[in-house]
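Trainee: mind looking at a prediction? Sequence and model below.
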Amino acid sequence: MWFRRDLRLSDHAALNAACASGRAVIPVVIGDASVTDLGAAPKWRWGLGVEHLNQSLNAKGSRLIYRSGDALHVLRALIQETGAGAVYWSRLYDPAAVARDKAIKSALKQDGIEARSFGGHLMFEPWTVETKTGGYYKVYTPFWNAVKTRDVDTPLPTPSTIAKPDTWPNSEALADWNLGADMRRGAAVVRPHVRLGEGAAQDRLGLFIAEKVATYVDGRNLPGADGTSNLSENLALGEISPHQCWHAGQRARHEGKPGAETFLKELVWREFAYHLMHHTPHILDQNWKPDWDGFPWNTAETNEVIAWKQGRTGLAFVDASMREMYVTGRMHNRGRMIVASYLTKHLLTHWHIGQKWFEDCLIDWDPAANAMGWQWSAGSGPDATPYFRVFNPATQLDKFDKNRDYATRWIAEGYSAPHQDALSFFDAIPRSWALRATDSYPNPIVPADEGRTRALGAYENRGF
């Protein structure tokens, strides 16, 4: 049983099938390029999730086997060592994983080994959702209408027993993989904000449905309030399944809780990102709309870009959002829109730069959602914000953080008694940035109105 981004025991189709086979089950994780090439924060967070999964397996009398190297070579070696007759796994959908898994499945079948992949990371397999003419959906709302009444599989129970082999194969030590090395001192700052494992994920879901979903329509837009489910961290690693979230949301909807349908729509927005990544994989590294290919994006590490990365743009909403990411490993969704719009529109900088920075810094990094979100903000993607819509960080702060609860939580400069989270930012960031809480807060590097005018001028010159 090869675990990847499905770090749970409940509602796990592949694990249930393995246990139902009546054979011994050997849980495995493989440190191949899909792991070693991850950015600092997602790689560290994946390692924490794997370690927690091993503890859950230990409670069932089982354990994880850790092996590093090319996945096919690792699996073939384990098959030879153990006499295993089958390999099961949960599907992934990014192009690199699809290519790897197809090659592995073909090779193992040629070896006479049963190789099966199962759903579970998504509610709707991307190839099963089609327009009336047989194509894929390019706009979210028709996609939502196509799936909102579909049956979603009932979550599966946790296996009561996981049969273990008579002899366990040798295992590497997870600690030797040094998955947290690139986090450096930031790991200690972010770690208290992590909600690790499927138990914590289920608690999050339960709390959200019980206390927050009723006000979710408005609450999800207020970064200074705890108004969202916060489940992106756990969904990204499969510590909870979207099926479990969907059925909880449906129950809340049937109970008349007003924010439930909006929550369901957000789950489907995640599905839409995967739908697009499956049908148009170039969304990960190219402009989804080719007419943006000639746009003169800035692609250099300018002083403006550095200030954006450091949360020192002089725009409180942008800076607070970036600092939240360094301290917690996550960023409020409203903040993601603001910082992405500011980078791509006010600073006219290529969305690739922001996409890669998030890929390195977010513990809830997801390849499909990250790519679609950045292209949506830049205007180059599907269902995108119109080029002429340039979020104003100042007025957005006035609208969604009237009392400055968010800004004062994350910005220390200029305050005699800064919030502890604002001070934690200086403990998380690279020492080479040489920033201190006693520094003066900067003037805007590109003022909100000036940046909008500059962006609109650039778009008009390109014929948008």
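Mentor: Cool, the structure landed.
Trainee: low-confidence ranges in this structure?
Mentor: 385, 387, 463-464 (pLDDT under 70).
Trainee: would you map the strands across it?
Mentor: 28-31, 65-68, 86-90, 114-118 (DSSP state E).
Trainee: winner for burial among the ones you listed?
Mentor: strand 28-31 (a mean of 23; mean count of other C-beta atoms under 10 Å). Bear in mind the C-beta positions are built from the backbone N, C-alpha and C, glycine included.
Trainee: give me the helices and strands touching that one, please.
Mentor: strand 65-68, helix 71-82 (3 or more C-beta pairs under 8 Å, 6 or more residues apart in numbering; DSSP states H and E).
Trainee: angle of the last one against strand 114-118?
Mentor: What that stands for is helix 71-82. Per axes from the mean of the first three to the mean of the last three C-alpha atoms, to 10 degrees, the angle that helix 71-82 makes with strand 114-118 is 130 degrees.
Trainee: run a quick neighbour tally on the closest residue in space to residue 63 that isn't next to it in sequence.
Mentor: Leaving aside its chain neighbours, residue 63 sits nearest to residue 57 (5.5 Å; criterion: C-beta to C-beta, 6 or more residues apart in numbering). By other C-beta atoms under 10 Å, the residues close to residue 57 number 20.
Trainee: can you check the one 3 residues further on too?
Mentor: Residue 60 sits with 17 neighbouring residues when counted by other C-beta under 10 Å.
Trainee: can you list contacts of stretch 261-273?
Mentor: Outside of stretch 261-273, the residues within contact range by C-beta atoms under 8 Å, 6 or more residues apart in numbering are 122-124, 137, 140, 143-144, 147-148, 208, 213, 216-217, 220, 229, 235, 242, 245-246, 249-250, 252-253, 366, 368-369, 371-373, 383.
Trainee: now these: which count as buried?
Mentor: 122-124, 137, 140, 143-144, 147, 208, 213, 216, 220, 229, 235, 242, 245-246, 249, 252-253, 366, 368-369, 371-373, 383 (16 or more other C-beta atoms under 10 Å).
Trainee: let's see which of those end up in helices.
Mentor: Cross-referencing the buried ones among the contacts of stretch 261-273 against helices under DSSP state H gives 140, 143-144, 147, 216, 235, 242, 245-246, 249, 252-253, 368-369, 371-373.
Trainee: and residue 77, what does it touch?
Mentor: Counted by C-beta under 8 Å, 6+ apart, residue 77 has contacts residue 67.
Trainee: I'd like the numbering to begin with 883 instead of 1 from here.
Mentor: With 883 as the first residue, the last one maps to residue 959.
Trainee: look up how far residue 908 lies from the residue of the chain most remote from its centre.
Mentor: Taking C-alpha atoms, centre = their mean, the residue of the chain most remote from its mean C-alpha position is residue 1048, at 38.0 Å. Look at residue 1048 and residue 908: by C-beta to C-beta, to the nearest Å, they are 11 Å apart.
Trainee: and what of residue 940?
Mentor: 14 Å.
Trainee: which one of the two has more residues nearby?
Mentor: The residue with more neighbours, out of residue 940 and residue 908, is residue 908; 24 against 11, by other C-beta under 10 Å.
Trainee: I figured that one hits residue 1049, correct?
Mentor: No - contact criterion C-beta atoms under 8 Å: residue 908 and residue 1049 do not qualify, at 10.3 Å.
Trainee: isn't residue 1282 right up against residue 1216?
Mentor: Yes - counting by C-beta under 8 Å, residue 1216 is a contact partner of residue 1282 at 5.8 Å.
Trainee: buried set for stretch 979-991?
Mentor: Of the residues in stretch 979-991, those with enough neighbours to count as buried (16+ other C-beta under 10 Å) are 979, 982-983, 986-987, 990.
Trainee: related to what we said a few turns ago, I'd like the strands of the chain laid out as TSV, including distance to residue 900.
Mentor: Below are the strands of the chain laid out as TSV (distance: least, C-beta to C-beta, whole Å):
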stretch	distance to residue 900
strand 910-913	11
strand 947-950	14
strand 968-972	5
strand 996-1000	9
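Trainee: residue 1314 is nearest to which of those strands?
Mentor: strand 910-913 (28.7 Å; C-beta to C-beta).
Trainee: can you give the distance of the closest one from its chain's centre?
Mentor: 20 Å (C-alpha atoms, centre = their mean, to the nearest Å).
Trainee: about what we covered before: tell me which of the buried residues of stretch 979-991 is nearest to residue 963?
Mentor: For these, the nearest to residue 963 is residue 990 (15.1 Å; C-beta to C-beta).
Trainee: quick one: contacts for that closest one?
Mentor: 954, 957-958, 961, 969, 996-997.
Trainee: quick check: the farthest pair among those residues?
Mentor: 954 and 996, at 15.3 Å, using C-beta to C-beta across the contacts of residue 990.
Trainee: what about the residue lying closest to residue 1051 once chain neighbours are set aside, distance to residue 983?
Mentor: Using C-beta to C-beta, 6+ apart and skipping residues adjacent in sequence, the residue nearest residue 1051 is residue 963, 4.9 Å away. Distance from residue 963 to residue 983, counting by C-beta to C-beta: 22 Å.
Trainee: and what of residue 1301?
Mentor: 45 Å.
Trainee: neighbours around the closest residue to residue 1098 other than its chain neighbours, how many?
Mentor: Nearest residue to residue 1098 in three dimensions, chain neighbours excluded: residue 1141, at 2.9 Å (C-beta to C-beta, 6+ apart). Using other C-beta under 10 Å, the number of residues around residue 1141 comes to 22.
Trainee: isn't residue 1141 up against residue 1091?
Mentor: No - the pair residue 1141 / residue 1091 is not scored as a contact, 9.9 Å apart, by C-beta under 8 Å.
Trainee: so how far is stretch 1152-1169 off the chain centroid?
Mentor: 14 Å.
Trainee: just the terminal-to-terminal distance for it.
Mentor: End-to-end distance of stretch 1152-1169 (C-alpha to C-alpha, to the nearest Å): 19 Å.
Trainee: just the buried positions in that stretch, please.
Mentor: Here stretch 1152-1169 shows 1152-1161, 1163, 1165-1166, 1168-1169 as buried, counting by 16+ other C-beta under 10 Å.
Trainee: which ones are touching residue 1336?
Mentor: Residue 1336 neighbours (C-beta under 8 Å, 6+ apart): 1228, 1230, 1328.
Trainee: cutoff 10 Å now
Mentor: Residue 1336 is in contact with 1227-1230, 1272, 1328, counting by C-beta atoms under 10 Å, 6 or more residues apart in numbering.
Trainee: any idea how far it lies from residue 1329?
Mentor: 10 Å.
Trainee: quick one: contacts for residue 1184?
Mentor: Each residue near residue 1184 by C-beta under 10 Å, 6+ apart is listed here: 1190, 1229, 1231, 1235, 1327.
Trainee: from those, pick the one nearest residue 947.
Mentor: When these are compared for distance to residue 947 (C-beta to C-beta), residue 1235 wins out at 38.5 Å.
Trainee: that closest one reaches residue 1242, doesn't it?
Mentor: No - judged on C-beta atoms under 10 Å, residue 1235 makes no contact with residue 1242 at a distance of 11.2 Å.
Trainee: out of the two, which sits in the more crowded spot?
Mentor: Set residue 1235 next to residue 1242 and count neighbours by other C-beta under 10 Å: residue 1235 wins out with 22 against 15.
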